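Asks: Predicted model follows, preceded by the sequence.
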Amino acid sequence: MTTSIGISTSLSREDKLSEMLEKADIALLQAKGNGRDQSCTYESIATDANREECQKRTW
């Protein structure tokens, strides 16, 4: 069994939980796309193109 983890962080109390969960889900898809047993933070996804590609996979 392997584990893939998507992480979203926030420095602001004004961020909505739903937005943070969506970002974590995008990071999770990126981690899964990188192979098994990976973790990825939303903030570490290098380019907007990568984020857009991951977002397409969520919908």
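Replies: Everything's here; your move. Numbers count the residues shown, from 1 in each chain.

Asks: got the CA positions of the top helix by length along the chain in PDB?
Replies: Scanning the chain for the longest helix, with DSSP state H as the assignment, gives helix 17-33. Extracted in PDB, the C-alpha atoms of helix 17-33 (Å, rounded to 0.1, in the frame of the first residue of the first chain):
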ATOM      1  CA  LEU A  17     -11.900  26.000   4.200                       C
ATOM      2  CA  SER A  18     -13.600  25.100   0.900                       C
ATOM      3  CA  GLU A  19     -10.800  26.900  -1.100                       C
ATOM      4  CA  MET A  20      -8.100  25.200   1.000                       C
ATOM      5  CA  LEU A  21      -9.600  21.800   0.400                       C
ATOM      6  CA  GLU A  22      -9.900  22.500  -3.300                       C
ATOM      7  CA  LYS A  23      -6.200  23.500  -3.400                       C
ATOM      8  CA  ALA A  24      -5.200  20.400  -1.400                       C
ATOM      9  CA  ASP A  25      -7.200  18.200  -3.900                       C
ATOM     10  CA  ILE A  26      -5.300  19.800  -6.800                       C
ATOM     11  CA  ALA A  27      -2.000  19.100  -5.100                       C
ATOM     12  CA  LEU A  28      -3.200  15.500  -4.400                       C
ATOM     13  CA  LEU A  29      -3.800  15.000  -8.100                       C
ATOM     14  CA  GLN A  30      -0.300  16.400  -8.900                       C
ATOM     15  CA  ALA A  31       1.200  14.000  -6.300                       C
ATOM     16  CA  LYS A  32      -0.600  11.100  -7.900                       C
ATOM     17  CA  GLY A  33       0.500  12.100 -11.300                       C
END
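
Asks: Who's the closest spatial neighbour of Asp37, skipping the chain neighbours?
Replies: Nearest residue to Asp37, sequence neighbours excluded (Cβ to Cβ, 6 or more residues apart in numbering): Thr2, at 4.1 Å. (C-beta placed from N, C-alpha, C; glycine too.)

Asks: Can you pull out the low-pLDDT segments for the protein?
Replies: 46-59 (pLDDT under 70).
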